[in-house]
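>>> Quick one, fold the following:
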Amino acid sequence: MNNLSKKLTNLRSQVQQLDKTFNELRLKNENLVTENKRLQEKLEQKLLRIKTLKEERDLIINAKSLKDVGLSSNEARHKINELVRGIDKCIAQLNQ
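Predicted coordinates:
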C-alpha cells in the first residue's frame, strides 16, 4: 500500500506540474497571438503609407514630365488635379 501511495503522490505532483506548464504556455500563446495581431496591423499601416508615398512620387514625376512636355503651369495643375481625383476614387473603392 505504501508503494502505491507514493506512486499516486508522485503522479499527482506530475499532473500538477503539467497543469502549471500548460497554463504558462497557454498564457504565452495568448500574448503571442495578441502581439502578432498588433504587428499585422502595424505592417498594414506601413504598407498603406508606402503606397501613398509611391503615389505622391508618381504625381511629382508626372508633374515634372508634363512641364518637360511643354504644358503651362495651369495645364499641368489641371492634369495633376485629374490624377489626384483618380487616386481619390481608387482609395474610396479600396475602403469600401
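
>>> What helix or strand is residue 6 located in?
helix 2-69 (DSSP states H and E).

>>> Which neighbouring elements make contact with that helix?
On a contact count with 3 or more C-beta pairs under 8 Å, 6 or more residues apart in numbering; DSSP states H and E, helix 2-69 meets helix 73-95. C-beta here means a position set from N, CA and C on the backbone, and glycine is covered the same way.

>>> and the angle from the helix it packs on to helix 2-69?
Counting by axes from the mean of the first three to the mean of the last three C-alpha atoms, to 10 degrees, helix 73-95 points 160 degrees away from the direction of helix 2-69.

>>> Can you report how many residues lie near residue 78?
Using other C-beta atoms under 10 Å, residue 78 has 13 neighbouring residues.

>>> for it, what are its contacts?
For residue 78, the contact set (C-beta atoms under 8 Å, 6 or more residues apart in numbering) is empty.

>>> avg pLDDT for stretch 51-68?
Averaging pLDDT along stretch 51-68 gives 78.

>>> likewise stretch 13-26?
Mean per-residue pLDDT for stretch 13-26: 96.

>>> And stretch 78-93, by the same measure?
For stretch 78-93, mean pLDDT is 82.

>>> next one: that stretch to chain centre, how far?
Put simply, stretch 78-93 sits 25 Å off its chain's centre (C-alpha atoms, centre = their mean, to the nearest Å).

>>> and what of stretch 88-96?
The answer for stretch 88-96 is 19 Å, by C-alpha atoms, centre = their mean.

>>> Give the buried residues for it.
Along stretch 88-96, not one residue counts as buried under the neighbour rule (16 or more other C-beta atoms under 10 Å).

>>> Return the residues in contact with residue 59.
Contacts of residue 59 were listed using C-beta under 8 Å, 6+ apart, and they are 80, 83, 84, 87.

>>> go with 7 Å
Contacts for residue 59 (C-beta atoms under 7 Å, 6 or more residues apart in numbering) come out as 80, 83.
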